[in-house]
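**Q** got a predicted structure here, sequence first:
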Number of protein chains: 2
Amino acid sequence: MKAPILTPLAASLPATVPFTGPETQERRQGQPFIARLGANESLFGPSPAAIEAMQTAASEAWMYGDPEVHALKNALAAHHGCAPENIVAGEGIDGLLGYLARLIVEPGTPVVTSLGAYPTFNFHVAGFGGTLHRAPYKDDHEDPTALLDLARQTGARMLYLANPDNPMGSHHPGRAIQDLLVNLPAETLLVLDEAYVDLAPAGTAPVIDPNTPNLIRLRTFSKAHSLAGLRVGYAITAPALAQAFDKVRNHFGLGRVAQAGALAALQDQDYLAEIRAKITVARDRLSGIARANGLIPLPSATNFITMDCARDGDYARRVLAALLERGIFVRMPGVAPLDRCIRVSLGDEAALAAFEAALPAALKAAD
Amino acid sequence: MKAPILTPLAASLPATVPFTGPETQERRQGQPFIARLGANESLFGPSPAAIEAMQTAASEAWMYGDPEVHALKNALAAHHGCAPENIVAGEGIDGLLGYLARLIVEPGTPVVTSLGAYPTFNFHVAGFGGTLHRAPYKDDHEDPTALLDLARQTGARMLYLANPDNPMGSHHPGRAIQDLLVNLPAETLLVLDEAYVDLAPAGTAPVIDPNTPNLIRLRTFSKAHSLAGLRVGYAITAPALAQAFDKVRNHFGLGRVAQAGALAALQDQDYLAEIRAKITVARDRLSGIARANGLIPLPSATNFITMDCARDGDYARRVLAALLERGIFVRMPGVAPLDRCIRVSLGDEAALAAFEAALPAALKAAD
């Protein structure tokens, strides 16, 4: 026997990637995509103030980032009307979900999510040996009632819900989340992924005391703030859980450039308002393209439009493949019945026009 | 009972920080440090090419970084004469140590390190419930023979050794590491932390087949490349272990700006040579300051000088406190007998002159 000897849990895990990156697909195809509309990135780009802050910080990158993330956490607390002790900053929502799973999940721990919801949450739960229970979507929405029932039945320690939802783009009003929280079993933590909430209609974010012990809200600079490549996410939760992240996190994991860029983006709320306006226009444009081609654009509270191809998953997968072949990077939901759809990120006019140009031939090829 | 319910392991862990950041100390003192010489950062700054690459990437930060880190991994493989499959890139050595511990350590797993060596390794091992066994330093060097004996006695699954060492700055020739590897028990993985090896004398890096199954070497862009604030580290190891990281890592954890900066730094080997030359000059300068004040500079293969204050730990702690009060950020080893020393990073002339100016009064105050 030669080292390394993995733990039985680690040995049992597949070496999977939750998502194949667009660069990997470009390398396989031997050419770059014409339009990068698959990862719900924000093609409108970061705030000029954020770009400038990152560029200034680049010269200072010889210094570790502040492990307490003091300036950004304080600014976030002021923005959300809570205390810095309610904030955990980390390496994207993905990184925070990993730490959260580590804190709460051990082999056999029951966890509830929706069938077809965010795969990276599942990756982390499974990575710590948790047992995932999945409630189906209802009318293309995550189903709070079914999730709640399943949590009760299984004694779930976490209930994951994204509001707005990815991959369907649907949302619930904030009061539905408040109702869910009130009815949550005592042993269940509500993991509320609000990655897209900055782009959702007013009232989508529930009004909840940040010190509520059985809730953690996750936010990101990757979507509305157009900083996916910086990897900065944060959580809003009760101080006891926030502090527990210090037990396990990579304390210097948020670098200097990342902290500076995120802080400047947060402070540029005017730019965020511009992005919201552009998203609204782009939603109409992209929905129109879908309709003009016989697809059904689902209502979106996010920076993407999920389009019902009105046939089965095999057909939608063919449409996806035909788009990829034509240089249009899009993704689609992984499981039925959601997989009758393709998911197209909102982009600038150049990218949407490229999608518009490629779609008719892709649909024909898939037919 | 109200959620969240932490796992018994997580509940048992303290919410500690392996290192208190200099920013935290500055906030406590109410003013910024005059000289930042405590975290072994490189005050000489990153390569201009790396700065330019980060600045360009800042505008592209709306895109996630390539989760396969293709370009950087390929460049690293070419640089080290191995295959890309031998490389794991991640969020600094700290981040990689966290993933490694997760793969190998479960409650009770025996792990060997040196008494007084890198605390963040211990943080991650303890964080997964591992049992740490510590061999004392010998003549201010980590002691391969004692480490090996302890690994045999305890059935250790990992043996951590930093070469060059932090916090003492000492090193072993590469052939000593090769000997250690040959004599390693079959169930033990050698975790060879080479964070400082770019700054060490020729021959410090052992010549070992990268496909050796019981070895993982850790490297970083934080030290010689002056990019601590980017958080990019990498491992060189056999493909089977490299691939195992895919089971647990934050796949999008290395952002676009980080990958671009690291790649440009790697490609600017001329700048690295300049840094080495500056380090050599600064070592002499800082050693001279130590001697002029009655301290004994230990030989250094790193970007810091550990100075023997020639009395006990309480005295060295008073020297450290007196330096901090005077605006000079330095650190010191945590345990006896190493804690008779203070550890001062090499810096530019301005920082070293500030240290030189403050040291006499600090020593007097500590007396």
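**A** Nice, thanks for sending it over.
**Q** the strand or helix carrying residue A:159 - contacts with which helices or strands?
**A** Applying DSSP states H and E as the criterion places residue A:159 in strand A:158-162. Judged by 3 or more C-beta pairs under 8 Å, 6 or more residues apart in numbering or on different chains; DSSP states H and E, strand A:158-162 is in contact with strand A:110-114, helix A:144-154, strand A:189-193. To be clear about C-beta, it is placed using only N, CA and C from the backbone, and glycine gets the same treatment.
**Q** save those as JSON lines, and put in distance to chain B and mean pLDDT too.
**A** JSON lines is the format used below for these (distance: least, C-beta to the nearest C-beta, whole Å; pLDDT from 0 to 100):
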{"stretch": "strand A:110-114", "distance to chain B": "12", "mean pLDDT": "98"}
{"stretch": "helix A:144-154", "distance to chain B": "10", "mean pLDDT": "98"}
{"stretch": "strand A:189-193", "distance to chain B": "4", "mean pLDDT": "98"}
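**Q** how about a markdown table for the ones you listed, with mean neighbour count and distance to residue A:14 added?
**A** A markdown table is the format used below for the helices and strands packed on strand A:158-162 (neighbours: other C-beta atoms under 10 Å in any protein chain shown; distance: least, C-beta to C-beta, whole Å):
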| stretch | mean neighbour count | distance to residue A:14 |
| --- | --- | --- |
| strand A:110-114 | 26 | 18 |
| helix A:144-154 | 18 | 23 |
| strand A:189-193 | 26 | 23 |
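**Q** pretty sure residue A:300 contacts residue A:290?
**A** No - look at residue A:300 against residue A:290 with C-beta atoms under 8 Å: they stay out of range, at 10.8 Å.
**Q** thought residue A:172 was touching residue A:163?
**A** Yes - counting by C-beta under 8 Å, residue A:163 is a contact partner of residue A:172 at 5.5 Å.
**Q** quick check: neighbours shared by these two?
**A** A:142, A:204 (C-beta atoms under 8 Å, 6 or more residues apart in numbering or on different chains).
**Q** more neighbours: which of the two?
**A** Legend: neighbour count by other C-beta atoms under 10 Å in any protein chain shown for residue A:172 and residue A:163, higher for residue A:163 (27 against 21).
**Q** state the distance from that one to residue A:90.
**A** 20 Å (C-beta to C-beta, to the nearest Å).
**Q** need phi/psi at the residue nearest to the spatial centre of chain A.
**A** Nearest to the geometric centre of chain A sits residue A:195, at 5.0 Å (C-alpha atoms, centre = their mean). Main-chain dihedrals, residue A:195, degrees, to the nearest 10: phi -50, psi -30.
**Q** residues in contact with it?
**A** A:93, A:162, A:166, A:218-220, A:222-223 are the contacts of residue A:195 under C-beta under 8 Å, 6+ apart.
**Q** again, only using 6 Å
**A** Applying C-beta atoms under 6 Å, 6 or more residues apart in numbering or on different chains to residue A:195 gives the contacts A:93, A:220, A:223.
**Q** and what of residue A:302?
**A** Per C-beta under 6 Å, 6+ apart, neighbours of residue A:302: A:164, A:169, A:196, A:199.
**Q** contact residues of the stretch 101-250 of chain A facing chain B?
**A** A:103-104, A:106, A:127, A:186-189, A:213-214, A:226-231, A:241, A:243, A:246-248, A:250 (C-beta under 6 Å from any C-beta of the partner chain).
**Q** hang on, the earlier thing: okay, residue A:300 and residue A:290: which has more neighbours?
**A** residue A:300 (26 against 22).
**Q** element containing that one, please.
**A** Judged by DSSP H and E, residue A:300 forms part of no helix or strand.
**Q** how much space between the residue lying closest to it once chain neighbours are set aside and chain B?
**A** Closest residue to residue A:300 apart from its sequence neighbours, by C-beta to C-beta, 6 or more residues apart in numbering or on different chains: residue A:169 at 3.8 Å. In this structure, residue A:169 and chain B are 19 Å apart, going by C-beta to the nearest C-beta, to the nearest Å.
**Q** and if you look at residue A:224?
**A** Residue A:224 is 11 Å from chain B, by C-beta to the nearest C-beta.
**Q** again with residue A:80
**A** 20 Å.
**Q** ok, now residue A:24?
**A** 6 Å.
**Q** give me the number of residues near that residue?
**A** Residue A:24 has 15 nearby residues by other C-beta under 10 Å.
**Q** which stretches of chain A form strands?
**A** Using DSSP state E, the strands assigned to chain A run over residues A:35-36, A:87-90, A:110-114, A:131-135, A:158-162, A:189-193, A:215-220, A:233-237, A:296-297, A:304-308, A:328-329, A:341-345.
**Q** those: which one's closest to residue B:206?
**A** Closest of those to residue B:206 is strand A:87-90, at 35.3 Å (criterion: C-beta to C-beta).
**Q** in that closest one, what counts as buried?
**A** Across strand A:87-90, burial judged by 16 or more other C-beta atoms under 10 Å in any protein chain shown covers A:87-90.
**Q** let's have those residues in TSV, adding distance to chain B and pLDDT.
**A** What follows is the buried residues of strand A:87-90, written out as TSV (distance: C-beta to the nearest C-beta, whole Å; pLDDT from 0 to 100):
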residue	distance to chain B	pLDDT
A:87	15	98
A:88	12	98
A:89	13	98
A:90	9	97
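**Q** just name the closest of the residues you listed to residue B:74, please.
**A** Nearest member of these to residue B:74, counting by C-beta to C-beta, is residue A:90, at 28.4 Å.
**Q** which residues does that closest one form a beta bridge with?
**A** residue A:233 (DSSP bridges).
**Q** low-confidence ranges in chain A?
**A** A:1 (pLDDT under 70).
**Q** if you set the cut-off to 50 instead, what comes out?
**A** Counting by pLDDT under 50, chain A contains no low-confidence range.
**Q** that older thread, give me the buried entries from the contacts of residue A:195.
**A** A:93, A:220, A:223.
**Q** contact partners for the closest residue to the first one other than its chain neighbours?
**A** Closest residue in space to residue A:93, ignoring its immediate chain neighbours: residue A:233 at 4.1 Å, by C-beta to C-beta, 6+ apart. Listed by C-beta under 6 Å, 6+ apart, the contact set of residue A:233 reads A:90, A:92-93, A:96, A:220.
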